[in-house]
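> Whatever this is, show me its structure:
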Amino acid sequence: MKVERAIFLAAGKGTRMAPVTDKLPKPLVPVNGRRIIETLLDAVVAAGIREIYIVCGYRREKFAVLQQKYPMVTVLDNPYYEQANNISSIYVAGERVQNAYIIESDLLLRCGELIEAEQSRSNYLAIPVEKTDDWCFFTDSYNRIKKIAVGGENCQQMVGISYWTAADGQRLAERTEKLFADKRNWQLYWDQVALEYFPEEFSIYIRQCSKTDVVEIDTLAELQALDSSYR
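Alright, predicted model coming up:
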């Protein structure tokens, strides 16, 4: 099926990359002359996806610069970003998550071909690892996700790029709205909705990639290692 849209999650403050992010959202930070989010946007555009949303919160006005190069981009305001975790961004995106990529905007994408124009089932990009302290998946023999966890051995390390079919996207939007109605759930990560709270309602698989394909930049030290101009 041809992918219809892409949802970029870009509401957070990126405090671990301060002082670079004191006045600039992390996705807009240049790495070797190119904004982090542009490595993702270029891949989405190359795949022929023209319906693109960026869910913003922190310094959202700064994202207007992207619309000069990417006029198909629509910015969505997340008014909850200071009180809630990223479940709030999926709540704001709503039914737009149907037949869509959901992409964390602070990933440096080095292999644009991972954003494929067509997808047949809901999936996450993941890196097979012997051990990780990060978010990871445990899968069955068909690469279907059976469990999500923080840290594990002989598992699949999560990459923040996923695809959701129309049916799964609709369920994701509905279940997110249900959980978000209770403020006790505001600190959830959005991935927990389908994979932890309602796993029996979804069939989500992994697409394997390598650690050289996508780089997650969390801290100033990691940024400095990639771009010496920040040292």
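
> tally of neighbours for Asp134?
By other CB atoms under 10 Å, 16 other residues sit near Asp134. (C-beta placed from N, C-alpha, C; glycine too.)

> Need the per-residue pLDDT for the spatially closest residue to Asp191 that is not a sequence neighbour.
Of all residues not flanking Asp191 in the chain, Ile148 sits nearest, at 6.4 Å (CB to CB, 6 or more residues apart in numbering). Ile148 carries a pLDDT value of 97.

> Quick check: nearest residue in space to Val20, chain neighbours excluded?
Here the residue nearest Val20, using CB to CB, 6+ apart, is Val29, at 5.7 Å.

> same deal with Tyr163?
Closest residue to Tyr163 apart from its sequence neighbours, by CB to CB, 6+ apart: Gln119 at 4.6 Å.

> And for Ala173?
Glu95 (4.9 Å).

> and the residue nearest to Tyr163, what does it touch?
Met1, Val3, Tyr163, Thr165 (CB atoms under 8 Å, 6 or more residues apart in numbering).

> go with 7 Å
Gln119 sits next to Met1, Val3, Tyr163 when contact means CB atoms under 7 Å, 6 or more residues apart in numbering.

> Which ones among these map onto strands?
Tyr163 (DSSP state E).

> ok, which stretches of this structure are strands?
With DSSP E as the criterion, the chain has strands at 5-10, 30-31, 34-35, 51-56, 73-77, 100-104, 107-109, 123-139, 145-164, 205-208, 214-216.

> The ones you listed: lowest mean pLDDT?
Mean pLDDT per stretch puts strand 214-216 lowest among the strands of the chain, at a mean of 93.

> Name every strand pairing with that one and say which way it goes.
strand 107-109 (antiparallel) (DSSP bridges).

> now stretch 161-179: how far from the chain's centre is it?
The offset between the C-alpha centroid of stretch 161-179 and the centroid of the whole chain comes to 14 Å, using CA atoms, centre = their mean, to the nearest Å.

> what does that stretch contact?
3, 87, 90-91, 94-95, 97-103, 107, 114, 119, 121-125, 185, 188, 190, 193-194, 197-198, 201-202.

> Which of those residues fall within helices?
Within these, membership in helices is found for Ile87, Ile90, Tyr91, as judged by DSSP state H.

> Just give me the neighbour total for the second one.
The local packing of Ile90 (other CB under 10 Å) involves 28 other residues.

> Equivalent analysis for the last one, please.
When counting by other CB under 10 Å, one arrives at 21 neighbours for Tyr91.

> Next: the first one.
Using other CB under 10 Å, Ile87 is surrounded by 21 other residues.
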